[in-house]
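Student: Need coordinates for the below:
(2 chains)
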2 protein chains.
Amino acid sequence: MSVNVRRAGGVLPSADATFVTDELRPYLAELLRREQTAWKEQGAPWWDPPEEVAAYLDGGKALRPRFCYWGHAITGEDTGPLLTQACAALELLHAFALIHDDLMDNSDTRRGRPALHRRIAARHRQHDWAGDPDGYGHAMALLTGDLAFAIASRLGAALPGPAVAVWDRMVGDLVLGQFLDLAGAARRDRSLEVARTTTMLKSAQYTVTDPLRLGAALAGLPELPIALARYGDLVGEAFQLRDDLLVVFGDPRLTGKPVGEDLASGKPTQLLAYAAKELPPRGQALLALAGTPALTRADVAVLTDELVRCGARNHVERKVRNNVDVACALLDQAELPPRVATALRSLAMAATERQR
Amino acid sequence: MSVNVRRAGGVLPSADATFVTDELRPYLAELLRREQTAWKEQGAPWWDPPEEVAAYLDGGKALRPRFCYWGHAITGEDTGPLLTQACAALELLHAFALIHDDLMDNSDTRRGRPALHRRIAARHRQHDWAGDPDGYGHAMALLTGDLAFAIASRLGAALPGPAVAVWDRMVGDLVLGQFLDLAGAARRDRSLEVARTTTMLKSAQYTVTDPLRLGAALAGLPELPIALARYGDLVGEAFQLRDDLLVVFGDPRLTGKPVGEDLASGKPTQLLAYAAKELPPRGQALLALAGTPALTRADVAVLTDELVRCGARNHVERKVRNNVDVACALLDQAELPPRVATALRSLAMAATERQR
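Tutor: A predicted model of the protein is given here:
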């Protein structure tokens, strides 16, 4: 997904895309190279994890840095090293979140490639190392996630005071949201309330509002304009709703995630909360099997159809569009520099109309 | 393990033990209570992880806070809230390390109780929740470790600048040491060099020298006296060597860890590095099986005997004693306040002569 503006005969990259390519990526590459050098200097004869983290960061959408970039731009401040540092922290925090998420969900793929623990297990097999390859893959991916989190924390905590407060809050939102996701699935919770709180924490705030807030804090703005914070929550919620739809209805070649993963695990999503009220008895019976091994592949296919038929898919699609419409209208009230408002409109679309 | 000084007819707790009981434990309990309140206020209908972390912290030896306490005491500074905060960060960081370590090693026990992921899996079964109990136990323990790390980072990073530098270094030592442990076992590495580097990072510095340094930094001392840093490395190495011995030869009722775990996983310890040079052919053949499922329980028993017979156990025992002797002699050169030197002597013994 790139946010581009078409200009006479060509595509001009947007300012945030340029920032990601020219500032953020080289900064991250250099940071992880230095980490690796430090490992060597401490006598380590092997040093895969910093390389793994660097490889992991490629191919992402860099959504959080983009929102942070525009949060910073609302005051008209020039970019600088602290913004790059904050965005690097965001990317590393997200790498940590995805790596551990794939372990918690026991997912085999991420971004269309084998998940990190699968790739490390494959390398273990290839070298005929000692011990169980899958156990090694899990252990090493867990540790690689820890490393990404450790470096992210180091960068995030070294920001100026008000930004650190935002950082701490964002990390807290991420952990609590992830907990509700797991705990809700185990408890077969189908309440809209838990689905909403989970979405609010692990997506709305973590993905959009907190990064906007982080950028603004770095530019000296202690709080976001209320309309902009509301924009963040709406777009962030729509981002998660799109994700919930893609995991169930999307093209696995584009999402990089197998279809049915959410249904199989019974995650507390708004899609399922709505379905729990609207599904006919046959669909209800299948929904009750979500999160248990009793739900077969054929059941997933039937349940997917039922989710369309009962109107749950349309309901969530409408909610995505409505959220984005309201969010974009709010941008007008926030009295932002025009280029910021335009960029945030594009980003809202890109984050919610994507196919992966 | 308690560090006590016998006085006329009774036992007087040492200053660090009193600090742990009266300052550190209540601070941690209150911190995790507040974390739980924050979760409730954000709409979470469940809030087990902060409770899990609080429960996890009980029953530990609090070694790292004790060393930090005495590192702080060398300047004669009074204790204060920053020291308590730093020690809380150390305990939370260690909880994170142990919880994730048990996942990486797939260990079933810790401190004589079922490991956290086993306890959470048991609760899942008891409540008949959805999904696989063991998968849930692993996922939730992973996240609980992340939570402990997140809070530890928040506290550690909020210390004054020089202490933050020590904190960052300690976290780095921990991650790199853990990596070498896993990578060395997989690569069947039996070199003394890797065993030593691993011990240096994940035990010597992480357990003793870095905590001493953290306390000193908080008291305004940018570097430890060289003799004291050397004391830390020696005692910390001896601490790990004792651990290596206990896991192989210790009483599992006291260590809380099953015998043979290290042999079964083939961890790169100095004990095995020494054995790799000294074992007769039969022992060598068994050692080559360490870290593979081919090593049976009976093999572990035979290999354990061979480790005694070839002198590896005695060699490591002598090294523990020698390290402690040299470390205590160095304390005299470090020109410390007498009560600090006395306490560090006791702590060196307690950390290395323990049975658990």
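Student: got the contact list for the closest residue to chain B within the stretch 251-356 of chain A?
Tutor: As assessed by C-beta to the nearest C-beta, chain B sits closest to residue A:291 within the stretch 251-356 of chain A, at 3.7 Å. For glycine as for every other residue, the C-beta is placed from the backbone atoms N, C-alpha and C. The contact partners of residue A:291, by C-beta atoms under 8 Å, 6 or more residues apart in numbering or on different chains, come to A:185-186, A:188, A:264-266, B:130-131.
Student: That one looks like it's in a helix, true?
Tutor: No - according to DSSP: H, G, I helix; E, B strand; the rest coil, residue A:291 belongs to no helix; its state is coil.
Student: Kindly reformat the contacts of residue A:291 as TSV containing secondary structure.
Tutor: Conversion of these to TSV gives the following (three-state DSSP):
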residue	secondary structure
A:185	helix
A:186	helix
A:188	coil
A:264	helix
A:265	helix
A:266	coil
B:130	coil
B:131	coil
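Student: Just the closest of these to residue A:145, please.
Tutor: Proximity of the contacts of residue A:291 to residue A:145 (C-beta to C-beta) peaks at residue A:265, which lies at 19.2 Å.
Student: how much space between that closest one and residue A:255?
Tutor: Applying C-beta to C-beta, to the nearest Å, the value for residue A:265 to residue A:255 is 15 Å.
Student: more neighbours, the two?
Tutor: Per other C-beta atoms under 10 Å in any protein chain shown, whichever of residue A:265 and residue A:255 has more neighbours is residue A:265, with 23 against 20.
Student: Pull the contacting residues for the spatially closest residue to the residue of the stretch 251-356 of chain A closest to chain B that is not a sequence neighbour.
Tutor: Distances taken as C-beta to C-beta, 6 or more residues apart in numbering or on different chains place residue A:266 nearest to residue A:291, at 2.6 Å, with adjacent residues excluded. Residues near residue A:266 by C-beta under 8 Å, 6+ apart: A:185, A:188, A:272, A:290-292, B:130-131.
Student: Go again with 7 Å.
Tutor: Residue A:266 makes contacts with A:185, A:188, A:290-291, B:130, as judged by C-beta atoms under 7 Å, 6 or more residues apart in numbering or on different chains.
Student: And for residue A:136?
Tutor: Residue A:136 is in contact with A:120-121, A:124, A:129, B:186, counting by C-beta under 7 Å, 6+ apart.
Student: do residue A:91 as well
Tutor: Residue A:91 neighbours (C-beta under 7 Å, 6+ apart): A:28, A:57, A:62, A:65.
Student: Just give me the least confident of those residues.
Tutor: Least confident entry in the contacts of residue A:91, by pLDDT: residue A:57, with 90.
Student: Relative to residue B:347, how far out is the closest residue to chain B within the stretch 51-200 of chain A?
Tutor: Here the stretch 51-200 of chain A gets closest to chain B at one residue, residue A:157, 3.0 Å apart by C-beta to the nearest C-beta. According to C-beta to C-beta, residue A:157 stands 30 Å off from residue B:347.
Student: where does chain A have low pLDDT?
Tutor: A:1-12, A:259 (pLDDT under 70).
Student: Please repeat the previous calculation with a cut-off of 50.
Tutor: Counting by pLDDT under 50, the ranges of chain A that qualify are A:1-10.
Student: Quick one: the strands in it, in order.
Tutor: Secondary structure of chain A (DSSP state E): strands at A:4-7, A:10-13, A:109-110, A:113-114.
Student: re the thing from before, please list only the buried members of the contacts of residue A:266.
Tutor: Among the contacts of residue A:266, those that count as buried by neighbour count (16 or more other C-beta atoms under 10 Å in any protein chain shown) are A:185, A:188, A:290-291, B:130.
Student: Now flag whichever of these is closest to residue A:315.
Tutor: Closest approach to residue A:315 among the buried ones among the contacts of residue A:266 (C-beta to C-beta): residue A:290, at 18.1 Å.
Student: Just list the residues touching that closest one, thanks.
Tutor: A:263, A:266.
Student: gap between it and residue B:320?
Tutor: In terms of C-beta to C-beta, residue A:290 sits 55 Å off from residue B:320.
Student: How about residue A:208?
Tutor: Using C-beta to C-beta, residue A:208 is found at 55 Å from residue B:320.
Student: Those two: who's more crowded?
Tutor: residue A:208 (32 against 21).
Student: thought that one was touching residue A:237?
Tutor: No - using C-beta atoms under 7 Å, residue A:208 makes no contact with residue A:237, being 8.7 Å away.
Student: got the contact list for the nearest residue in space to residue A:45 that is not next to it in sequence?
Tutor: Spatial nearest neighbour of residue A:45, chain neighbours left out: residue B:194 (6.4 Å); criterion: C-beta to C-beta, 6+ apart. For residue B:194, the contact set (C-beta under 7 Å, 6+ apart) comprises A:45, B:180, B:184, B:268.
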